[in-house]
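Chemist: here is a sequence with its predicted model. Questions after.
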Amino acid sequence: MKESTGQSIVKEELSRQLHSSGNAFSRYRNKVLGANKGIGSLILFELCQLLFCNLGGAPGYVLRKMAYRSLFKECAGGVIWGKGIVLRAPGNITIGEKVAIDDLTQLDGGQRRHVPWLSVRVR
């Protein structure tokens with residue numbers, strides 16, 4: 001259940017982000033990782049997505065559990081990672097203990113900004 005004060009989060013359009021200034025590589029890196037991330041972070045991200053994102057069964061479960069943790073700002077123990085998760089700017093996201101992220105979920109860290117009026121309660 002999502003609770004808020006009735007305000008909405010305004011996100012920059014994807015097409016505008018991908019067609020802004022800079023070369024294609026830097027625009028892509030900024031969209032998937034956020035600003036100021038190096039080539040090493042991008043290589044790690046791409047390898048995790050390529051090799052583990054849609055890998056099924058126990059191997060996929062175990063490998064996502066080991067690899068995805070390092071992509072996030074903070075990631076506590078006991079996280080369950082489903083298949084086909086879309087990650088954008090995971091370095092801006094903190095995940096707590098014993099969280100289950102279901103198949104085909106999108107996690108978007110977007111720009112680093114605090115939204116004090118937004119609260120999410122899971123029942």
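Modeler: Thanks, I have it.
Chemist: can you map out the helices along this structure?
Modeler: For the chain, the helices defined by DSSP state H cover 14-18, 24-33, 39-52, 57-67.
Chemist: for the ones you listed, which one sits closest to Asn92?
Modeler: Closest approach to Asn92 among those (C-beta to C-beta): helix 24-33, 9.0 Å. All C-beta atoms are positioned from the backbone trio N, CA, C, and that covers glycine.
Chemist: what angle do the closest one and helix 39-52 make?
Modeler: In terms of direction (axes from the mean of the first three to the mean of the last three C-alpha atoms, to 10 degrees), helix 24-33 departs from helix 39-52 by 70 degrees.
Chemist: list the buried residues in helix 24-33.
Modeler: By neighbour count on 16 or more other C-beta atoms under 10 Å, the buried set for helix 24-33 is 29-33.
Chemist: just name the closest of those residues to Leu51, please.
Modeler: Using C-beta to C-beta, the buried residues of helix 24-33 come closest to Leu51 at Val32, 15.9 Å.
Chemist: mind checking how far that closest one is from Gly40?
Modeler: 14 Å (C-beta to C-beta, to the nearest Å).
Chemist: now swap in Ser20 and tell me
Modeler: 23 Å.
Chemist: ok, these two, which is more surrounded?
Modeler: A direct count of neighbours by other C-beta atoms under 10 Å for Ser20 and Gly40 places Ser20 higher, at 12 against 8.
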